[in-house]
Every structure is written in C-alpha cells, then in structure tokens.
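**Q** A predicted structure for the sequence below; I have some questions about it.
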Amino acid sequence: MKAAKFFGPKDIRVVETPIPTPKANEVRVEVEWCGICGSDMHEYVAGPLMIPADNSEVIMGHEFSGKVVEIGGDVTTVAVGERVVIEPVLPCGTCESCLTGHYNVCENGGFIGLINEDGGFAEYVVAPMERIHKIPDAMSLELASLVEPVSVVTQAIRSSQFSFGDEVAVFGAGPIGLLLIQALKAAGASKIIVVEIAEKRLETALKVGATHAINPIENNPVETIYALTNGKGADVVYEVAGVQPTFEAAYLSTKFNGELKVISLWEKPVTFNPNIAVRKNVKISTSMTYMNVYPKVIELLSQGMINEEFVITKKIHLDDIVEEGFETVINDRSQCKILVTPKRSNL
C-alpha cells in the first residue's frame, strides 16, 4: 500500500509499504480522509520533535476517518463495514497518570501517527479496538476527520477556568484556532477576540463566531484587548500559535486572576517575565490532547456544532501530500485544514 513516511525535516515521502495485519484485539481500517495537523507541520518543518529520533520512518497522520475492513479474533465492539474514527492516544493503563484518569499524559504510552505507531496518511491503518469510535450514518467522513482536532479544543476549554459569559481571547486562527472559536461560541463566551496576522484567517474567524479581530501588525493586541474588555483583560486567553510574540502578548492580555491556556506545540523555547504573571496571579496552564471526550464530540459534531465549510479549505490525494499539502500550508496563509485521501474516487 501507499503511505507517507517521515524521514526527517522537509523529508516526507510517499512509499510502498506492507498492508498492516491486525492482532487479536486490533482493527484494520481503510482510510478515507486524514487531516494535516499543526503538529504534523511542526514535524515537517523542524522535526523530529514528538517523533522519536529512532523511529524516524513512522507513517504520519492522526486525524482520520475510515471504514472497518478487518477485525482481530478478540474484537467485539465494531464490525466489518462500519464507519469509524480513531482516537490516536495509546495509553499504557498502568502509570500514575493513567490510573488517575489522565491517560492523555500517559507516561509510557504512544500516539498513532507520531510517537510509535503508524498513522493515517496511508491506505490502511490498524488500531486497538478500544481506540475505535463509530460515527453516525448521517455524518460525512470528511466531517468525521475533524473529531480529533475538535477533541483538542474541547479538552482545552474543559480544563480551563472558562465560565459561561466570559470574555476570551484566542491567539492564532489556524485550524485549531477556528475550531476553538466555534466551540467557545457554543459554550457561551460573550466576547471572542482573535489575534492573527493573516487577513484571510481573520475574516474567517469573524464568520465562525469571533466578535473582534486584531491584526497585531496593525494594532497592539494587548492594548486593544484591554480596551475591548473595559480595561481588565481577557478572562481566559488561549494560545494557539506557538511563537514568542504571541506567548508574550497572550499572558500580558490576561486579566488579574485570569488564565493563559497554552494549547500549541512549540518549535523553539520562549522567555517571559514571570514577575508580571505573579503580580497579576495569572494561571499559566497547558492542555495536552484529550481524555474521554470522543463520544461527546462525535455527538456535538453530528448536531452541527462546527461548520466545516470554513475549516476544510482543500482536499488532495496522498500522492500530492508534500507539494499540495505541507508546502501549501507553509506558503498559503489562506489555507486552513487540508484533508488527504488515498482514494482518487473521493476527489
């Protein structure tokens, strides 16, 4: 089968590789769609980061949907022919994090498409049956590919101190930022202020629910956020860009006793003056993937919580994943979520 493997920074190749065979507790899925994630982009540009250096030929891709084509002998939860999505976190089940319910930060586990298991930029993928989630018949497989990133933003909101009616700021209007804006709107944010340098993304952010849009090249985001919040700052600020200027502006924009929630992954370290955060008693916290949210996210997506029209901006074939996918994301800031399919019939 064809699959896109990571060999190093700026070196992803579509190669022929054996079709995986499921073990007794595993399911083989025929991939329909797989989204290019921000973490995939970080690996492409500056990796290996999450990908271990000794596992550099992993098949990438973790935001995918498909159909079950083969099940192992012990599988009882899904059947051949069912439409599914795969939760890529692979917890060990025995470390302290897992035993206390925080399998999203498992100390020993893996992650399909990044850490130690092959992922969805391929014709087929195998996964443990407990990581397989069925989707409603009415849900498109394209929309289903957004379950993973929507789970990221759902986890971020759930784990933050956000409350109904809060005034929030979102730094970054890429795929996660745009999904986060829609989720915050659904959760009852009274103001959603987005900060982004790409004008096209700012326009899209306003269409999907942002109440105010700031281009930091044209306006000081910290001063503007304070002006829009009657001088107090944002109740919760979500950092989704992952660079020094946005991190600095984000914590400076957070109100006294507010929270800066860091969602993004980083290619480089950042520096900041902790005295400012301490003086304001700003809580700086992080959010890593998700735990126990897939069923609820599937339900919310099936009810129309997310408008995929503004998020999915391009669909391409697996053969074209480098030039039409990764390179396009780098060079075209109007792009948001690019979906990849190994099937010509899907295009």
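**A** Received, thanks. None of the values given here were measured: they were computed from a predicted structure. Residues are numbered from 1 along each chain as shown.
**Q** shaky segments in this structure?
**A** For the chain, residues meeting the criterion pLDDT under 70 lie at 55.
**Q** and the helices in it?
**A** Listed in chain order, the helices of the chain (DSSP state H) span 38-46, 96-99, 141-144, 147-159, 175-187, 199-208, 221-228, 244-252, 274-280, 294-302, 327-331.
**Q** run the chain-centre distance for the second one.
**A** Here the centre of mass of C-alpha atoms in helix 96-99, compared against the chain's by C-alpha atoms, centre = their mean, to the nearest Å, lies 23 Å away.
**Q** who touches it?
**A** Counting contacts by C-beta atoms under 8 Å, 6 or more residues apart in numbering, the residues outside helix 96-99 that touch it are 91-93, 103, 105-107, 109. Every residue, glycine included, has its C-beta placed from N, CA and C.
**Q** for ChimeraX, what selects the buried ones among these?
**A** Those of these that count as buried under 16 or more other C-beta atoms under 10 Å are selected in ChimeraX with:
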select :91,103,105,106,109
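**Q** please produce CSV containing the contacts of helix 96-99, extended by distance to Pro245.
**A** Formatted as CSV, the contacts of helix 96-99 follow (distance: C-beta to C-beta, whole Å):
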residue, distance to Pro245
Pro91, 35
Cys92, 37
Gly93, 40
Tyr103, 34
Val105, 27
Cys106, 32
Glu107, 33
Gly109, 33
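**Q** among the helices of the chain, which is nearest Asn346?
**A** Taking C-beta to C-beta, helix 141-144 is the member of the helices of the chain nearest to Asn346, at 8.4 Å.
**Q** residues in contact with that closest one?
**A** By C-beta under 8 Å, 6+ apart, the residues outside helix 141-144 that reach it are 32-33, 65-66, 83, 85, 135, 298, 301, 306, 308, 312, 315, 339.
**Q** could you redo the last one with a cut-off of 10 Å?
**A** 31-33, 35, 63-67, 83-85, 133, 135-136, 150, 298, 301-302, 304, 306-308, 311-312, 315, 337, 339, 341, 346 (C-beta atoms under 10 Å, 6 or more residues apart in numbering).
**Q** any idea how the protein splits into domains?
**A** 2-146+311-346, 152-286 (automatic domain parsing).
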